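J.: Let's see this in three dimensions:
(chains A and B)
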Amino acid sequence: DVKVTQSSRYLVKRTGEKVFLECVQDMDHENMFWYRQDPGLGLRLIYFSYDVKMKEKGDIPEGYSVSREKKERFSLILESASTNQTSMYLCASSPRWTDSPLHFGNGTRLTVT
Amino acid sequence: AQKVTQAQTEISVVEKEDVTLDCVYETRDTTYYLFWYKQPPSGELVFLIRRNSFDEQNEISGRYSWNFQKSTSSFNFTITASQVVDSAVYFCALLYNNNDMRFGAGTRLTVKP
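T.: Presented below is the predicted three-dimensional model:
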(Lines give C-alpha, C1' and ligand atoms only; values in the text may rest on other atoms or scores of the structure.)
Protein backbone atom coordinates (compact mmCIF):
# COMPACT_ATOMS: atom_id res chain seq x y z
CA ASP A 1 0.00 0.00 0.00
CA VAL A 2 1.09 3.53 -0.74
CA LYS A 3 2.07 5.39 2.34
CA VAL A 4 2.21 9.15 2.56
CA THR A 5 3.62 10.31 5.85
CA GLN A 6 3.39 13.80 7.22
CA SER A 7 5.89 14.46 9.95
CA SER A 8 3.56 16.14 12.43
CA ARG A 9 -0.11 15.62 13.21
CA TYR A 10 -0.42 18.81 15.25
CA LEU A 11 1.80 21.87 15.24
CA VAL A 12 1.57 25.15 17.13
CA LYS A 13 3.74 28.04 15.99
CA ARG A 14 3.98 31.74 16.68
CA THR A 15 3.38 34.56 14.23
CA GLY A 16 6.50 35.35 12.26
CA GLU A 17 8.13 31.95 12.72
CA LYS A 18 9.45 30.01 9.76
CA VAL A 19 7.56 26.72 9.57
CA PHE A 20 8.47 23.54 7.73
CA LEU A 21 5.89 20.86 6.97
CA GLU A 22 7.42 17.64 5.74
CA CYS A 23 5.87 14.94 3.60
CA VAL A 24 7.39 11.64 2.50
CA GLN A 25 5.92 9.01 0.16
CA ASP A 26 7.23 5.51 -0.37
CA MET A 27 5.84 4.55 -3.78
CA ASP A 28 8.20 6.36 -6.14
CA HIS A 29 5.44 8.71 -7.29
CA GLU A 30 6.42 11.58 -9.53
CA ASN A 31 3.63 13.93 -8.47
CA MET A 32 3.33 15.44 -5.04
CA PHE A 33 0.86 18.02 -3.80
CA TRP A 34 0.19 20.31 -0.89
CA TYR A 35 -3.41 21.23 -0.14
CA ARG A 36 -4.94 23.35 2.53
CA GLN A 37 -8.34 22.39 3.96
CA ASP A 38 -10.62 24.95 5.57
CA PRO A 39 -14.30 24.57 6.54
CA GLY A 40 -16.60 25.56 3.70
CA LEU A 41 -13.73 25.95 1.27
CA GLY A 42 -12.78 22.33 0.75
CA LEU A 43 -9.26 21.51 -0.38
CA ARG A 44 -7.33 24.25 -2.10
CA LEU A 45 -4.11 23.52 -3.95
CA ILE A 46 -1.09 25.44 -2.69
CA TYR A 47 1.72 23.95 -4.77
CA PHE A 48 2.44 20.78 -6.65
CA SER A 49 5.54 19.17 -8.05
CA TYR A 50 5.79 16.71 -10.91
CA ASP A 51 9.49 15.99 -10.60
CA VAL A 52 12.50 16.62 -8.43
CA LYS A 53 13.31 20.33 -8.24
CA MET A 54 10.16 21.15 -10.24
CA LYS A 55 7.26 23.07 -8.75
CA GLU A 56 4.08 24.67 -9.93
CA LYS A 57 1.87 27.17 -8.16
CA GLY A 58 -1.62 26.13 -7.29
CA ASP A 59 -4.55 28.36 -6.44
CA ILE A 60 -3.21 29.91 -3.23
CA PRO A 61 0.61 30.00 -3.24
CA GLU A 62 0.98 33.36 -1.52
CA GLY A 63 2.88 33.11 1.73
CA TYR A 64 4.17 29.63 0.95
CA SER A 65 7.12 28.05 -0.79
CA VAL A 66 8.08 24.44 -1.42
CA SER A 67 11.14 22.30 -1.82
CA ARG A 68 11.58 19.00 -3.63
CA GLU A 69 15.20 17.93 -3.47
CA LYS A 70 14.44 14.22 -3.49
CA LYS A 71 11.68 12.36 -5.25
CA GLU A 72 10.13 10.98 -2.09
CA ARG A 73 10.08 14.20 -0.09
CA PHE A 74 8.05 17.37 -0.59
CA SER A 75 8.34 20.17 1.95
CA LEU A 76 5.98 23.09 2.46
CA ILE A 77 7.54 26.21 3.94
CA LEU A 78 5.77 29.11 5.58
CA GLU A 79 8.40 31.83 5.43
CA SER A 80 6.76 33.97 8.12
CA ALA A 81 3.73 32.30 9.63
CA SER A 82 0.59 34.36 10.08
CA THR A 83 -2.65 33.62 11.93
CA ASN A 84 -4.57 33.27 8.66
CA GLN A 85 -2.40 30.28 7.85
CA THR A 86 -3.96 28.34 10.71
CA SER A 87 -5.44 25.37 8.89
CA MET A 88 -5.25 21.65 8.10
CA TYR A 89 -2.52 20.88 5.59
CA LEU A 90 -2.74 17.76 3.46
CA CYS A 91 0.02 16.23 1.41
CA ALA A 92 -0.73 13.85 -1.46
CA SER A 93 1.10 11.94 -4.16
CA SER A 94 0.28 10.19 -7.42
CA PRO A 95 2.05 8.63 -10.39
CA ARG A 96 2.66 10.97 -13.28
CA TRP A 97 0.60 10.94 -16.46
CA THR A 98 -2.06 8.59 -15.19
CA ASP A 99 -5.57 8.94 -13.96
CA SER A 100 -4.64 7.46 -10.64
CA PRO A 101 -6.26 8.87 -7.54
CA LEU A 102 -4.24 10.89 -5.11
CA HIS A 103 -2.94 9.16 -2.02
CA PHE A 104 -3.21 11.38 1.01
CA GLY A 105 -1.38 11.66 4.27
CA ASN A 106 -3.21 12.08 7.57
CA GLY A 107 -2.76 15.82 7.57
CA THR A 108 -1.03 18.35 9.79
CA ARG A 109 -3.20 20.68 11.82
CA LEU A 110 -1.24 23.90 12.14
CA THR A 111 -2.19 26.59 14.61
CA VAL A 112 -0.45 29.95 14.39
CA THR A 113 -0.86 32.11 17.49
CA ALA B 1 -11.39 27.63 -15.72
CA GLN B 2 -11.54 24.32 -13.95
CA LYS B 3 -14.00 24.28 -11.12
CA VAL B 4 -15.98 21.85 -8.98
CA THR B 5 -19.14 22.90 -7.15
CA GLN B 6 -20.77 20.98 -4.34
CA ALA B 7 -23.74 23.11 -3.48
CA GLN B 8 -24.81 21.10 -0.45
CA THR B 9 -22.62 22.03 2.49
CA GLU B 10 -24.36 19.79 5.03
CA ILE B 11 -26.93 17.01 4.79
CA SER B 12 -28.52 15.18 7.67
CA VAL B 13 -30.54 11.99 7.21
CA VAL B 14 -31.87 9.21 9.37
CA GLU B 15 -30.38 5.76 9.02
CA LYS B 16 -31.76 3.70 6.10
CA GLU B 17 -32.72 6.77 4.10
CA ASP B 18 -31.28 7.21 0.62
CA VAL B 19 -29.20 10.33 0.05
CA THR B 20 -27.72 11.96 -3.06
CA LEU B 21 -24.69 14.22 -3.00
CA ASP B 22 -24.48 16.62 -5.92
CA CYS B 23 -21.38 17.56 -7.87
CA VAL B 24 -21.19 19.94 -10.82
CA TYR B 25 -17.94 20.59 -12.65
CA GLU B 26 -16.56 23.01 -15.22
CA THR B 27 -13.73 22.33 -17.63
CA ARG B 28 -12.77 23.13 -21.21
CA ASP B 29 -10.75 19.94 -21.52
CA THR B 30 -12.22 17.05 -23.47
CA THR B 31 -10.24 14.51 -21.49
CA TYR B 32 -10.64 14.64 -17.74
CA TYR B 33 -11.38 12.44 -14.77
CA LEU B 34 -13.81 12.79 -11.92
CA PHE B 35 -13.36 11.39 -8.44
CA TRP B 36 -15.20 11.04 -5.18
CA TYR B 37 -13.34 10.91 -1.88
CA LYS B 38 -14.60 10.25 1.63
CA GLN B 39 -13.08 11.93 4.68
CA PRO B 40 -14.20 10.20 7.87
CA PRO B 41 -13.66 11.81 11.28
CA SER B 42 -10.16 10.31 11.41
CA GLY B 43 -9.17 12.82 8.72
CA GLU B 44 -7.54 10.78 5.97
CA LEU B 45 -9.16 11.11 2.57
CA VAL B 46 -10.21 7.78 1.11
CA PHE B 47 -10.64 7.27 -2.62
CA LEU B 48 -14.10 5.96 -3.61
CA ILE B 49 -14.42 6.09 -7.38
CA ARG B 50 -12.86 7.40 -10.58
CA ARG B 51 -14.65 8.07 -13.86
CA ASN B 52 -13.12 9.30 -17.13
CA SER B 53 -14.82 11.77 -19.45
CA PHE B 54 -15.46 9.18 -22.15
CA ASP B 55 -17.33 6.76 -19.96
CA GLU B 56 -20.79 7.90 -19.00
CA GLN B 57 -21.97 4.58 -17.71
CA ASN B 58 -23.39 4.72 -14.24
CA GLU B 59 -21.68 2.61 -11.64
CA ILE B 60 -22.94 0.74 -8.62
CA SER B 61 -20.82 -0.62 -5.82
CA GLY B 62 -22.85 -2.11 -3.02
CA ARG B 63 -24.90 0.69 -1.48
CA TYR B 64 -23.01 3.34 -3.46
CA SER B 65 -23.90 4.47 -6.97
CA TRP B 66 -22.69 7.23 -9.23
CA ASN B 67 -24.51 9.07 -12.02
CA PHE B 68 -22.25 10.82 -14.55
CA GLN B 69 -23.98 13.11 -17.06
CA LYS B 70 -21.81 15.16 -19.41
CA SER B 71 -24.85 17.04 -20.73
CA THR B 72 -25.32 18.67 -17.33
CA SER B 73 -21.65 18.44 -16.22
CA SER B 74 -22.68 16.52 -13.15
CA PHE B 75 -21.29 13.55 -11.28
CA ASN B 76 -23.71 12.76 -8.47
CA PHE B 77 -23.22 10.21 -5.73
CA THR B 78 -26.06 8.26 -4.10
CA ILE B 79 -25.91 6.22 -0.93
CA THR B 80 -28.77 3.78 -0.60
CA ALA B 81 -29.98 2.71 2.83
CA SER B 82 -27.54 4.97 4.62
CA GLN B 83 -25.75 3.85 7.75
CA VAL B 84 -24.17 5.73 10.63
CA VAL B 85 -20.72 4.73 9.34
CA ASP B 86 -21.42 6.74 6.19
CA SER B 87 -21.15 9.93 8.24
CA ALA B 88 -18.21 11.84 6.78
CA VAL B 89 -17.27 14.72 4.54
CA TYR B 90 -17.45 13.78 0.87
CA PHE B 91 -15.42 15.54 -1.78
CA CYS B 92 -15.87 15.55 -5.52
CA ALA B 93 -12.73 16.28 -7.56
CA LEU B 94 -11.75 16.98 -11.17
CA LEU B 95 -8.41 15.82 -12.61
CA TYR B 96 -7.16 17.43 -15.81
CA ASN B 97 -3.80 17.69 -17.56
CA ASN B 98 -3.13 14.35 -15.86
CA ASN B 99 -1.52 16.17 -12.99
CA ASP B 100 -3.77 18.85 -11.66
CA MET B 101 -6.68 17.97 -9.39
CA ARG B 102 -9.28 20.44 -8.15
CA PHE B 103 -11.66 19.67 -5.30
CA GLY B 104 -15.11 20.89 -4.42
CA ALA B 105 -15.86 22.43 -1.04
CA GLY B 106 -17.18 19.13 0.29
CA THR B 107 -20.52 17.96 1.67
CA ARG B 108 -20.76 16.95 5.32
CA LEU B 109 -23.13 14.01 5.64
CA THR B 110 -24.53 13.11 9.04
CA VAL B 111 -26.48 9.88 9.36
CA LYS B 112 -28.44 9.67 12.57
CA PRO B 113 -29.43 6.35 14.13
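
J.: what does chain A have sitting close to chain B?
T.: The interface of chain A toward chain B, taken as C-beta under 8 Å from any C-beta of the partner chain, is made up of A:31, A:33, A:35, A:40-45, A:48, A:50, A:59, A:88, A:90, A:92, A:96-99, A:101-107. (Glycine included, C-beta is placed from N, CA and C.)

J.: try 6 Å this time
T.: Residues of chain A found near chain B (C-beta under 6 Å from any C-beta of the partner chain) are A:Asn31, A:Leu41, A:Gly42, A:Leu43, A:Tyr50, A:Trp97, A:Asp99, A:Pro101, A:Phe104, A:Asn106, A:Gly107.

J.: Lowest-confidence member of those residues, which is it?
T.: Within the residues of chain A next to chain B, the minimum per-residue pLDDT falls on A:Trp97 (69).

J.: elements contacting the helix or strand harbouring B:Phe35?
T.: Under the criterion of DSSP states H and E, B:Phe35 resides in strand B:33-39. With contacts defined as 3 or more C-beta pairs under 6 Å, 6 or more residues apart in numbering or on different chains; DSSP states H and E, strand B:33-39 has these neighbours: strand B:46-52, strand B:88-96.

J.: residues contacting residue 33?
T.: Let's take chain A. A:Phe48, A:Ala92 (C-beta atoms under 6 Å, 6 or more residues apart in numbering or on different chains).

J.: You answered for a different chain; I wanted chain B.
T.: With C-beta under 6 Å, 6+ apart, B:Tyr33 has these contacts: A:Asp99, B:Arg50, B:Asn52, B:Leu95.

J.: how about those residues, which pair is most distant?
T.: Spanning the widest gap among those are B:Asn52 and B:Leu95, at 9.2 Å by C-beta to C-beta.

J.: Same list (the contacts of B:Tyr33) but as TSV, adding distance to A:Ser75 and neighbour count.
T.: Shown next, in TSV, are these (distance: C-beta to C-beta, whole Å; neighbours: other C-beta atoms under 10 Å in any protein chain shown):
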residue	distance to A:Ser75	neighbour count
A:Asp99	27	16
B:Arg50	28	17
B:Asn52	32	13
B:Leu95	24	26
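
J.: what about the strand holding B:Phe35, distance to the chain center?
T.: 5 Å (C-alpha atoms, centre = their mean, to the nearest Å).

J.: same check, this time on stretch B:46-61
T.: So, by C-alpha atoms, centre = their mean, the centroid of stretch B:46-61 is 10 Å from its chain's centroid.
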